[in-house]
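In: Below are the sequence and a predicted model; questions follow.
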Amino acid sequence: MSAPAYEQPYLLINGERVGRDGRDGLPVRNPSTGEVLAELPVATPSDLDRAIELAGGAFRTWSAVPPVERGKVLKRAAELMRERIESIATAITLDEGKPLFEARWEVSWTADVVDWQAEEARRSYGRVLPVSTKGRALVVKEPVGPVAAFTPWNLPAFLPARKIATALAAGCTCIIKPAEETPLGALKIAECFLDAGIPRAALAVVFGEPSMISTHLINSPVIRKISFTGSTRVGTHLAELSARHVKRMTMELGGHAPTVIFDDVDLDKVVAEAAAYKFMNAGQICIAPTRFYVHESVHDKFVKNISEAARSLVVGDGMDSATQMGPLANSRRMDAMERLIDDATRQGADLIVGGSRTGNHGYFWQPTVLANVPESAAIMNEEPFGPVIVTSPFVDEDDVIARSNRLGYGLAAFAFSGASDRANRLGSAIEAGMVGVNTFAATMPEAPFGGVKDSGYGLEGGTEGIDAYLTTKFIHQL
């Protein structure tokens, strides 16, 4: 099966496609084959300075555009994403490896989120305060300024689009650095915004050496807001840089979602949903269920059934219509899977299915189930970010809540129980920014998305998401 032709990636500055032209390059690899698809141009300091200057100038004009008109432009961008779904989805699959049907779903979901932010543009309400004297007292919301955004490779269209759309809806301009491993999906999404009618200088897409780019952008006095999605380690570093300049920051960091399953549920239904959500994108989703705490009376049955589901998955090239799970995104994830699974089995975990690489090319890993995993195992303490389910039995409700909350992570969590009083207790007691109770659907465009503890701060999505891109001003006029 021959892959579709891959378009040459570029930097996008002032609406112009900027190629290598003497710049350094980084290889973009197809994770299904390991082959180099293209060379990605690396932004120079002068490229970044140009993008910053343009963003500062465009902010003055874009922020003055009425919110209703900004929303109309974003609505058109969402329409273009739907019209271009095949082109964008193909780019995502070639870049990141996920099956084409998942890539199409990502683009569709992305367009829905852009639609939501388009509507939020007109809902940035202030208020009028009553005063005892003549005059007026107003609380108004204003765009914070040019934004620097950073996104990882696992959702290469959705994550950049959510940050771009929210910034633009608020009246901000945006310079975004998506992941170098997956450039083309983000570029195609950015061009939807530009083709919809935002000013060319209002959005730039840059790639290169991450530390250099983040330091350069954050150090600029023009940039007033930072938005980052990625690991807790990198997020902590960027937060330190931002703090030196007292810049507002939204951080969506790592997770290690506990999934508590009691013995009063429809186990077959939970298993089917768990397999679907866990192995989506080969487990490379920050809110994927990871630590499965299953009541001891149904633990073995859960392990047996989820193992059968894992064993039945068709793993292959994302461009193949028969594929149900694609490869891992890069060789680093392969090494991490090997290290974590080896450590768990050395500590006494039972390897039920999978546990190793598969195929003789690309970054394919078998869907894996590890049972009876001790809390001391690295995989119970580090986000695995791969297609591996880890289980541990429990008896006591208070104990399983304590085990769910014991890590520094607090992004997403899931709990399943047929008893409504217990379900209510679990939803309240588990420490996470998002909790799915009797469902793995823990996010939607209308809902806030964000974590607690080491999983970051600030929110994206929902009515709360746009507020991070706005400042609140009080005006008292006599």
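Out: Received the coordinates, thanks.

In: Excluding residues flanking it in the chain, which one is nearest the spatially most central residue of the chain?
Out: By C-alpha atoms, centre = their mean, the chain has its centre lying nearest to residue 159, at 5.0 Å. Leaving aside its sequence neighbours, residue 159 sits nearest to residue 151 (C-beta to C-beta, 6 or more residues apart in numbering; 4.1 Å). Glycine gets a C-beta too; all of them are placed from N, C-alpha and C.

In: For the one you found, which residues are in contact?
Out: Shown in contact with residue 151 (C-beta atoms under 8 Å, 6 or more residues apart in numbering): 159-160, 163, 176-179, 186, 229-230.

In: could you redo the last one with a cut-off of 6 Å?
Out: For residue 151, the contact set (C-beta atoms under 6 Å, 6 or more residues apart in numbering) comprises 159-160, 178, 229.

In: That one and residue 289, how far apart?
Out: Here residue 151 is placed at a distance of 22 Å from residue 289 (C-beta to C-beta, to the nearest Å).

In: Residue 56 too?
Out: When residue 56 is compared with residue 289 (using C-beta to C-beta), they lie 43 Å apart.

In: if we can go back for a sec, now the contacts of residue 151 as TSV including distance to residue 48, pLDDT and secondary structure?
Out: Listed next are the contacts of residue 151 as TSV, based on distance: C-beta to C-beta, whole Å; pLDDT from 0 to 100; DSSP: H, G, I helix; E, B strand; the rest coil:
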residue	distance to residue 48	pLDDT	secondary structure
159	21	97	helix
160	17	98	helix
178	15	98	coil
229	20	96	strand
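
In: Which of those residues sits closest to residue 242?
Out: residue 229 (14.6 Å; C-beta to C-beta).

In: gap between the nearest residue to the closest one once chain neighbours are set aside and residue 456?
Out: Nearest non-adjacent residue to residue 229, counting by C-beta to C-beta, 6+ apart: residue 252, 4.4 Å away. Distance, residue 252 to residue 456, by C-beta to C-beta: 5 Å.

In: Which helix in this protein has the most residues?
Out: The longest helix of the chain (DSSP state H) is helix 100-120.

In: CA atoms only for that one - export them in CSV, please.
Out: Extracted C-alpha coordinates of helix 100-120, given in CSV (Å, rounded to 0.1, in the frame of the first residue of the first chain):
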residue,chain,number,x,y,z
LEU,A,100,-7.7,7.7,9.3
PHE,A,101,-11.2,7.3,10.8
GLU,A,102,-9.8,8.7,14.1
ALA,A,103,-8.1,11.6,12.2
ARG,A,104,-11.4,12.4,10.6
TRP,A,105,-13.1,12.4,14.0
GLU,A,106,-10.3,14.7,15.3
VAL,A,107,-11.0,17.3,12.5
SER,A,108,-14.7,17.1,13.1
TRP,A,109,-14.3,17.6,16.8
THR,A,110,-11.9,20.5,16.1
ALA,A,111,-14.4,22.3,14.0
ASP,A,112,-17.0,21.9,16.7
VAL,A,113,-14.6,23.5,19.2
VAL,A,114,-13.9,26.4,16.9
ASP,A,115,-17.6,26.9,16.5
TRP,A,116,-18.0,27.1,20.2
GLN,A,117,-15.2,29.7,20.5
ALA,A,118,-16.8,31.7,17.7
GLU,A,119,-19.9,32.0,19.8
GLU,A,120,-18.0,32.8,22.9
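
In: Buried residues of that helix, list them for me.
Out: Neighbour counts over helix 100-120 (16 or more other C-beta atoms under 10 Å) mark 100, 102-107, 109-118, 120 as buried.

In: can you pull the contacts of residue 164?
Out: Applying C-beta under 6 Å, 6+ apart, the residues contacting residue 164 are residue 174.

In: and it, how far is that from residue 117?
Out: To residue 117, residue 164 is 9 Å away according to C-beta to C-beta.

In: try residue 435
Out: 24 Å.

In: Ok, residue 153 next?
Out: 22 Å.

In: Break down the stretch 351-478 of the chain into its strands, ranges please.
Out: Here the stretch 351-478 of the chain has its strands, by DSSP state E, counting those that start in this stretch, at 368-371, 388-394, 412-416, 434-437, 456-457, 470-477.

In: for those strands, which one sits closest to residue 195?
Out: Of all the strands of the stretch 351-478 of the chain, strand 470-477 sits nearest to residue 195, with 26.2 Å by C-beta to C-beta.

In: Now do that closest one: which elements does it pack against?
Out: Where contact means 3 or more C-beta pairs under 6 Å, 6 or more residues apart in numbering; DSSP states H and E, strand 470-477 is packed against strand 136-143.

In: so what's residue 138 bridging to?
Out: Residues in a beta bridge with residue 138, per DSSP bridges, are residue 128, residue 475.

In: Burial check on it, number of neighbours?
Out: Using other C-beta atoms under 10 Å, residue 138 has 13 other residues around it.

In: likewise the one 5 residues further on?
Out: Residue 143 is surrounded by 26 other residues when neighbours are defined as other C-beta under 10 Å.

In: That one contacts residue 168, doesn't it?
Out: No. Taking C-beta atoms under 6 Å as the definition, residue 143 is not a contact partner of residue 168, at 9.6 Å.

In: sorry, back to before: what number of residues lie near the residue nearest to residue 229?
Out: 28.

In: Go ahead and confirm it touches residue 231.
Out: No. Using C-beta under 6 Å, residue 252 is not in contact with residue 231, being 10.5 Å away.

In: domain parsing for the protein?
Out: 11-253+454-477, 257-444 (automatic domain parsing).

In: Tabulate those domains (a markdown table), appending distance to residue 5.
Out: Output for the domains of the chain, formatted as a markdown table (distance: least, C-beta to C-beta, whole Å):
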| stretch | distance to residue 5 |
| --- | --- |
| domain 11-253+454-477 | 9 |
| domain 257-444 | 12 |
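
In: right, and these - which one's nearest residue 4?
Out: Nearest of those (C-beta to C-beta): domain 11-253+454-477, 5.6 Å.

In: Can you measure across that closest one, start residue to end residue?
Out: By C-alpha to C-alpha, to the nearest Å, the extent of domain 11-253+454-477 from end to end equals 46 Å.
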